[in-house]
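**Q** Build me a structure from this.
(chains A and B)
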Amino acid sequence: MARVVVDVMLKPEILDPQGRAVEGSLRRLGLTGVNDVRQGKQFVIDLDGVVEGARLELLETLAAELLSNPVIEDYKLQVIEDSV
Amino acid sequence: MSVRVGVVTFPGSLDDRDAARAVRIAGGEAVALWHGDDDLKQVDAVILPGGFSYGDYLRCGAIARFAPVMHSLIERANTGMPLLGICNGFQILCESHLLPGALTRNDSLHFMCRDQRLRIENTSSAWTSDFISGQEIVIPLKNGEGGYVADDRTLDALEAEGRVVARYLDVNPNGSRRDIAGITNERGNVVGLMPHPEHAVESLTGPTTDGIGFFTSVLKSFVSL
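**A** Below is the predicted model of the structure:
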């Protein structure tokens, strides 16, 4: 069993109005010293078997082409084994 | 024989019927296409309508891009078939990489719905040849994620090559870079547009009838062949 976690974030140069709205709320609720808030997505994929070779390559491709949009987003893929 | 214009229905499409009606009012034959079927039914041109395909899950247009109908559509578009994406359709065209850039959350975070004034800046595309360059039109705009973004190099290239089809006037409703409301590909057959010309084809239901020009343009492109 394996777990693959893909984090997707807007690229730093892309405006994140949702993050900005959250930042405003954090300030209003009393948090001080907030410099910036960015909002992203996390995909947690549980799989049978091991993640390596062609399967890992396919996961990388899917993370780059389906789970994220390379025009506006960056992704980070981590494989966590024996987790489930 | 009349020109056959396909309109694709995805799960969650809203404006497919209005788009088909606009085609008929312009004098064409509207042909219903289904997202799960890669048969394009011998159409001459295709419209990807507005709405919320697949519930806008993941990203707007991201899942629609992989629908069976898109395989045939991308192939045909790459060989010159006219393809218009309106609103969600524009998002699908960007996700499919048929057009550069991406559409992001409106900078105001509000869903915008208004009659929007635009300037038509490119009259050589398959969908805008029936307008006069610099013509100002008013058509409805309604989107939550309509902010057009691309890197500066892409934006500069779009401007230099005259590929900005329409620009917002008066108000930039969604934070689009350089007030861009619509763009075309290098060949001029694929156009993406955030506002909705199909809702402005009859005086009874639209603010104007300015939108009809997009549909008459594509029909005339076949007559003149």
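
**Q** contacts, neighbours, all on C-alpha from now
**A** Will do.

**Q** Which residues of chain B lie near chain A?
**A** Neighbours of chain A within chain B, by C-alpha under 8 Å from any C-alpha of the partner chain: B:58, B:62-63, B:95, B:101-102, B:105-109, B:149-150.

**Q** Now the buried members of the residues you listed.
**A** Buried subset of the residues of chain B next to chain A (neighbour count, 16 or more other C-alpha atoms under 10 Å in any protein chain shown): B:A62, B:I63, B:E95, B:G101, B:A102, B:R105, B:N106, B:D107, B:L109, B:V149, B:A150.

**Q** Among those residues, which are located in strands?
**A** B:A102, B:V149 (DSSP state E).

**Q** nearest to B:G175, of the buried ones among the residues of chain B next to chain A?
**A** Distance to B:G175 across those (C-alpha to C-alpha) is lowest for B:D107, with 5.2 Å.

**Q** For the closest one, list the residues it contacts.
**A** B:D107 sits next to A:L15, A:P17, B:G147, B:N174, B:G175 when contact means C-alpha atoms under 8 Å, 6 or more residues apart in numbering or on different chains.

**Q** So the fourth one sits against B:G146, correct?
**A** Just to be clear, that refers to B:N174. Yes: contact criterion C-alpha atoms under 8 Å: B:N174 and B:G146 qualify, at 5.8 Å.

**Q** any common contacting residues for the two?
**A** By C-alpha under 8 Å, 6+ apart, the residues touching both B:N174 and B:G146 are B:R105, B:N106.

**Q** my guess is B:R114 is in a helix, correct?
**A** No: per DSSP: H, G, I helix; E, B strand; the rest coil, B:R114 lies outside any helix segment and is strand.

**Q** Report the beta-bridge partners for it.
**A** B:L141 (DSSP bridges).

**Q** didn't it look like it was pressed against B:P140?
**A** Yes: if you go by C-alpha under 8 Å, B:R114 and B:P140 touch, sitting 5.7 Å apart.

**Q** Tell me which of those two has more neighbours.
**A** Neighbours were counted for B:R114 and for B:P140 using other C-alpha atoms under 10 Å in any protein chain shown; B:P140 has more, 20 against 14.

**Q** Distance of that one relative to B:A19?
**A** Between B:P140 and B:A19 the computed distance is 13 Å (C-alpha to C-alpha, to the nearest Å).

**Q** which non-adjacent residue is nearest the residue in chain A positioned nearest to chain B?
**A** Proximity of chain A to chain B (C-alpha to the nearest C-alpha) peaks at A:P17, 5.6 Å away. Excluding its sequence neighbours, the residue lying closest to A:P17 (C-alpha to C-alpha, 6 or more residues apart in numbering or on different chains) is B:D107, at 5.6 Å.

**Q** Which pLDDT value belongs to the one you found?
**A** With respect to pLDDT, B:D107 scores 94.

**Q** Tell me how far it lies from B:R59.
**A** 16 Å.

**Q** hmm, back to that, from the contacts of B:D107, which ones fall inside strands?
**A** Reading strands off the contacts of B:D107 with DSSP E, I get B:G147.

**Q** Looking at the contacts of B:D107, which two lie furthest apart in space?
**A** Top of the distance list for the contacts of B:D107 (C-alpha to C-alpha): A:L15 and B:N174, 11.9 Å.

**Q** Specify which residue of those two has the higher count of neighbours.
**A** Between A:L15 and B:N174, counting by other C-alpha under 10 Å, B:N174 is the more crowded of the two (27 against 19).

**Q** For the more buried one, which non-adjacent residue is closest in space?
**A** B:N106 (4.3 Å).

**Q** same check, this time on B:V190
**A** Per C-alpha to C-alpha, 6+ apart, closest to B:V190 is B:L83, 4.7 Å.

**Q** beta partners of that neighbour?
**A** Residues in beta-bridge contact with B:L83 (DSSP bridges): B:V46, B:V190.

**Q** Correct me if wrong: it contacts B:N189.
**A** Yes: using C-alpha under 8 Å as the test, B:L83 is close enough to B:N189 to be in contact (6.2 Å).
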